[in-house]
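S.K.: Return a 3D structure for these sequence lines:
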Amino acid sequence: MDKVKMGIIGFGCRSYGMTSILLGFDDVEIVAICDKYEDRVENGKKLTQEKKGNIPFGTTDYKELIDSGLCDAVYIATDWEMHSPIACYAMEKGVGVAMEVGGAYTVEECWNLVDTYEKTKTPFMFMENCCYNRDELLATAIARQGLFGKVVHLSGAYAHDLRQEVTCGKENRHYRLRNYLTRNCENYPTHELGPMAKVININRGNRMLYMVSIASGSFGMEQYVENKGEDLVNKDLIGVDFAQGDVITTLIKCANGETMSLRLDTSLPRSYNREFCIRGTKGMYEQISNSVYFDGQPEYWSSVEYIDKYKDTAEKYKSLLPNEWKIITKEALEAGHGGMDFVELRDFVDRFKAGKEMLCDVYDAASWMVITALSEKSIKENGSSQQIPDFTRGKWQQREPVDVLTFGSLEE
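M.R.: Model prediction:
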């Protein structure tokens, strides 16, 4: 396959950025745009025409786009509720899927994804961009070298002040608002869980067994609304109770003995951080301080390398990065989320064209997304333990790990 003909389903803010990157690939052609809002369809058509000269087919019906026969694959970035139904429909029609992240609403939704993929074998990738980020990849490479010893515990967070985005949901036609009003759960687990799962080979030699979640009270959104008062864009929210707790903490136990800790922290004032951390018997990695520590001797790398004492150490570990990060261009770094969107999309297109396994496959999608549905039940039951389904049906014990990209070696 020389060129991938792509359809875009859902054309909000996220999709605009990702489509812009795809339009820069010589081996991708955007042939169709779909959104339930006509103005967004027109925005997608206009963007494509400006960047590539062609005007793609446009529709407000995702089934019409998939049934058109125009697309080899579709990129899905709609509201969370529709990700899985659209993905299943596309797989049934033999159209490849690149599905954006979000939590599942039911366990059955996750099984439907797996069952549809196993029946059709249509290519499917879960678009968890943090699995392609430079920091997470570098820490994973060091872990794969065995330098942290046996990994024992991993932790991370989706720590992101979303108060303005949530309260402007009606005006911006964004799905988060209705979720925060009616649900209380770990609604966005995969930014932290995805990279952790790759470090300890979840679904490929390891699996998650059970989990518990607890929620703080819901105070942050309501305080934000009260403080905004008459300046609030959506005054209908004044005096409304939000169901979503401000901080959701989830603990997971794995088959090979590891534990993982996730935190959703989006309703209180704060700076952005994913707080990715690996703890092992010989050392640790910590994203907050951008540092590594080995038993008995601290060593550091920094994105702003002003500490001459550790410059050689930093360069040594950066040699482990995949070539895609060593040769990344300024344009790619600026394309979205510091370059990881570009690397992720490039990897999807390359794997799709070559017929290779996807890094984040349907089993990853199901097992990571199901945390949302299970956390909602756990919270309702005062932190009760929830069994995590084995979506591989036992195949996790034989499946080999798939690296994101090709890592280097300290011995080279």
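
S.K.: okay, CA-based contacts and neighbour counts for the rest of this
M.R.: Will do.

S.K.: List the beta-bridge partners for V292.
M.R.: The bridge-partner assignment for V292, based on DSSP bridges, gives Y285, E299.

S.K.: mind listing what it touches?
M.R.: When the contact criterion is CA atoms under 8 Å, 6 or more residues apart in numbering, the partners of V292 are 283-286, 298-301.

S.K.: who wins for most neighbours among those?
M.R.: Greatest neighbour count in the contacts of V292, by other CA atoms under 10 Å, goes to Y285: 26 neighbours.

S.K.: pretty sure it contacts A139?
M.R.: Yes. Using CA atoms under 8 Å, Y285 is in contact with A139, at 6.5 Å.

S.K.: how about the contacts of V292 in a markdown table, adding distance to V225 and pLDDT?
M.R.: What follows is the contacts of V292, written out as a markdown table (distance: CA to CA, whole Å; pLDDT from 0 to 100):
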| residue | distance to V225 | pLDDT |
| --- | --- | --- |
| G283 | 44 | 94 |
| M284 | 40 | 94 |
| Y285 | 38 | 93 |
| E286 | 34 | 94 |
| P298 | 45 | 69 |
| E299 | 45 | 72 |
| Y300 | 42 | 71 |
| W301 | 41 | 70 |
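
S.K.: Let me know the secondary structure of the closest residue to S385 other than its chain neighbours.
M.R.: Excluding the flanking residues, the one nearest S385 by CA to CA, 6 or more residues apart in numbering is V212, at 4.9 Å. Counting by DSSP: H, G, I helix; E, B strand; the rest coil, the backbone at V212 sits in strand.

S.K.: Could you list the low-pLDDT ranges of the stretch 151-300 of the chain?
M.R.: 298 (pLDDT under 70).

S.K.: can you map out the helices along it?
M.R.: Per DSSP state H, counting those that start in this stretch, the stretch 151-300 of the chain carries helices over the ranges 163-167, 169-172, 176-182, 190-199, 220-228.

S.K.: Among those helices, pick out the one with the most neighbours on average.
M.R.: helix 190-199 (a mean of 24; mean count of other CA atoms under 10 Å).

S.K.: Sort out which residues of the helix or strand encompassing Y117 are buried, please.
M.R.: Of the helices and strands defined by DSSP states H and E, Y117 is found in helix 107-120. Neighbour counts over helix 107-120 (16 or more other CA atoms under 10 Å) mark 107, 109-114, 116-117 as buried.

S.K.: just how off-centre is it within its chain?
M.R.: Helix 107-120 has its average C-alpha position 19 Å from the chain's average C-alpha position, going by CA atoms, centre = their mean, to the nearest Å.

S.K.: ok, the very next helix or strand once past that helix: who's next to it in the sheet?
M.R.: Going down the chain from helix 107-120, the next helix or strand is strand 124-127, by DSSP H and E. Applying DSSP bridges to the sheet, strand 124-127 is found paired with strand 96-100 (parallel).

S.K.: Contacts for the strand it pairs with next, please.
M.R.: Under the criterion CA under 8 Å, 6+ apart, external residues in contact with strand 96-100 comprise 72-77, 83, 87, 90-91, 122-128, 348.

S.K.: so how far is the helix or strand that contains L47 from its chain's centroid?
M.R.: L47 belongs to helix 38-52 when assigned by DSSP H and E. Helix 38-52 sits 25 Å away from the centroid of its parent chain (CA atoms, centre = their mean).

S.K.: now stretch 124-144
M.R.: Relative to where its chain is centred, stretch 124-144 has its mean C-alpha point 10 Å off (CA atoms, centre = their mean).

S.K.: Likewise for stretch 277-292?
M.R.: A distance of 21 Å separates the C-alpha centroid of stretch 277-292 from that of its chain, computed with CA atoms, centre = their mean.

S.K.: so the closest residue to P195 other than its chain neighbours, which of the three states?
M.R.: Across the structure, with CA to CA, 6+ apart as the measure, the residue nearest P195 apart from its sequence neighbours is C131 (4.9 Å). For C131, the secondary-structure state derived from three-state DSSP is helix.

S.K.: got the contact list for C131?
M.R.: Taking CA under 8 Å, 6+ apart, one finds 137, 191, 194-195, 198, 404 in contact with C131.

S.K.: same thing but at 10 Å, please
M.R.: Shown in contact with C131 (CA atoms under 10 Å, 6 or more residues apart in numbering): 137, 140, 190-199, 340, 344, 359-360, 404.

S.K.: Farthest-apart pair in the contacts of V292, please.
M.R.: In the contacts of V292, two members sit farther apart than any others by CA to CA. They are G283 and W301, at 14.5 Å.

S.K.: neighbours around G24, how many?
M.R.: For G24, the count of nearby residues is 14 (other CA under 10 Å).

S.K.: Surely it touches K52?
M.R.: Yes. The pair G24 and K52 passes the contact test of CA atoms under 10 Å, sitting 8.6 Å apart.

S.K.: Would you mark the buried spots in the helix holding L47?
M.R.: For helix 38-52, burial by neighbour count (16+ other CA under 10 Å) applies to 40-42, 44-48.

S.K.: pLDDT for those - can I get that in JSON lines?
M.R.: Conversion of the buried residues of helix 38-52 to JSON lines gives the following (pLDDT from 0 to 100):
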{"residue": "R40", "pLDDT": "98"}
{"residue": "V41", "pLDDT": "98"}
{"residue": "E42", "pLDDT": "98"}
{"residue": "G44", "pLDDT": "98"}
{"residue": "K45", "pLDDT": "98"}
{"residue": "K46", "pLDDT": "98"}
{"residue": "L47", "pLDDT": "98"}
{"residue": "T48", "pLDDT": "98"}
